[in-house]
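Undergrad: sequence isn't available, so here's the structure alone:
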């Protein structure tokens, strides 16, 4: 039994305690919770390590260390411990992302060793809704993407990612991992689009999904169709699907400077409940 404050890599036997921490904040932790629910805590299956911070023998904070570094329910003491561990092993992640407060402190401690970052998005409002839109009618042409439509949806996914992140997901491995993730969401029935004449007009995915909450990602409207309200009607449709089939709470996070998107999501019924932060390398 651990009797003092300490941090260590969690093992499969720690799954119950880790899930208790994750599910104490089901909306903001949806991404990591979904991964842990599927893969457990084995690093090979999880795609990274889960670090735990203990106070008087009780697991109170987590940090996922994989392609992303994600502080979870992290107290100031835990953040310092996670930063120390991350510094020792060196940067292996492509981003740091999580609730704004702990993530900002984690980056403050790591920046001297890991900086500079390619981009820092210090305030990304976290928005949620539990009801279908009362003000915006769902677009009846938005539907689930079929498995035989991968060649149709992929160019839109690549365009969205490149526009949002600033680099192409096809770099490095030629896009194999990204294509596999898109295919996974399509196969799970969590990729949605309005497709006209073989071209994607609007698209979005339900990325992370747990019993308590799900997270919409990858919202994109083809440039030639922007300004027509399709993001609102499309989002209303995806929210309706999500609430009916996936989880009782639907969330997303958005860059604070994207005022048109924030306004559109508010019209659909989302409200801001917190903020995330992303550091991109």
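TA: Cool, got the structure. These numbers were taken from a predicted model, which means no experiment stands behind them.

Undergrad: which stretches of the stretch 101-250 of the chain form strands?
TA: For the stretch 101-250 of the chain, the strands defined by DSSP state E, counting those that start in this stretch cover 119-129, 143-144, 191-196, 199-209, 214-221, 250-253.

Undergrad: state the pLDDT value of the residue lying closest to residue 81 once chain neighbours are set aside.
TA: Leaving aside its sequence neighbours, residue 81 sits nearest to residue 7 (C-beta to C-beta, 6 or more residues apart in numbering; 4.3 Å). Where you see a C-beta, it was placed from the backbone N, CA and C, and this is true even at glycine. Looking at residue 7, its pLDDT is 90.

Undergrad: check residue 4 too.
TA: Looking at residue 4, its pLDDT reads 57.

Undergrad: please enumerate the helices of the chain.
TA: Counting by DSSP state H, the segments of the chain that form helices are 15-22, 30-39, 43-46, 76-89, 100-114, 150-165, 176-187, 230-245, 259-268.

Undergrad: quick one: closest of those to residue 281.
TA: Of all the helices of the chain, it is helix 100-114 that lies closest to residue 281, at 7.6 Å by C-beta to C-beta.

Undergrad: which parts of that closest one are buried?
TA: 100, 102, 103, 104, 105, 106, 107, 109, 110, 114 (16 or more other C-beta atoms under 10 Å).

Undergrad: pLDDT of it, averaged?
TA: 98.

Undergrad: elements contacting it?
TA: strand 68-72, helix 76-89, strand 95-99, strand 119-129, strand 271-280 (3 or more C-beta pairs under 8 Å, 6 or more residues apart in numbering; DSSP states H and E).

Undergrad: follow-up on the earlier one: what about the residue nearest to residue 81, distance to residue 82?
TA: Distance from residue 7 to residue 82, counting by C-beta to C-beta, to the nearest Å: 7 Å.

Undergrad: more neighbours, the two?
TA: residue 82 (28 against 20; other C-beta atoms under 10 Å).

Undergrad: I figured the more buried one hits residue 63, correct?
TA: Yes. Counting by C-beta atoms under 8 Å, residue 63 is a contact partner of residue 82 at 4.2 Å.

Undergrad: shared neighbours, the two?
TA: Counting by C-beta atoms under 8 Å, 6 or more residues apart in numbering, the shared contacts of residue 82 and residue 63 are 51, 53, 71, 74.

Undergrad: with the residues you listed in mind, which one is nearest to residue 197?
TA: Nearest to residue 197 among the shared contacts of residue 82 and residue 63, with distances taken as C-beta to C-beta, is residue 71, at 45.0 Å.

Undergrad: pretty sure the closest one is in contact with residue 100, am I right?
TA: No. Using C-beta under 8 Å, residue 71 makes no contact with residue 100, being 10.5 Å away.

Undergrad: switch the buried residues of helix 100-114 over to JSON lines; also include distance to residue 238.
TA: As requested, the buried residues of helix 100-114 are arranged in JSON lines below (distance: C-beta to C-beta, whole Å):
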{"residue": "100", "distance to residue 238": "25"}
{"residue": "102", "distance to residue 238": "29"}
{"residue": "103", "distance to residue 238": "27"}
{"residue": "104", "distance to residue 238": "30"}
{"residue": "105", "distance to residue 238": "34"}
{"residue": "106", "distance to residue 238": "31"}
{"residue": "107", "distance to residue 238": "31"}
{"residue": "109", "distance to residue 238": "37"}
{"residue": "110", "distance to residue 238": "35"}
{"residue": "114", "distance to residue 238": "35"}
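
Undergrad: give me the contact list for stretch 101-115.
TA: 69, 71, 74, 76, 79-80, 82-83, 86-87, 91, 96-98, 117, 120, 122, 276-279, 281.

Undergrad: rerun at 6 Å
TA: 71, 74, 79, 83, 87, 91, 96, 277, 279 (C-beta atoms under 6 Å, 6 or more residues apart in numbering).

Undergrad: skipping adjacent residues, who's closest to the residue nearest to the spatial centre of the chain in space?
TA: Residue closest to the mean C-alpha point of the chain, counted by C-alpha atoms, centre = their mean, is residue 31 at 5.2 Å. Among residues not flanking residue 31 along the chain, residue 208 sits closest, at 4.2 Å (C-beta to C-beta, 6+ apart).

Undergrad: show me how far stretch 116-128 is from its chain's centre.
TA: Offset of stretch 116-128 from its chain centre (C-alpha atoms, centre = their mean, to the nearest Å): 12 Å.
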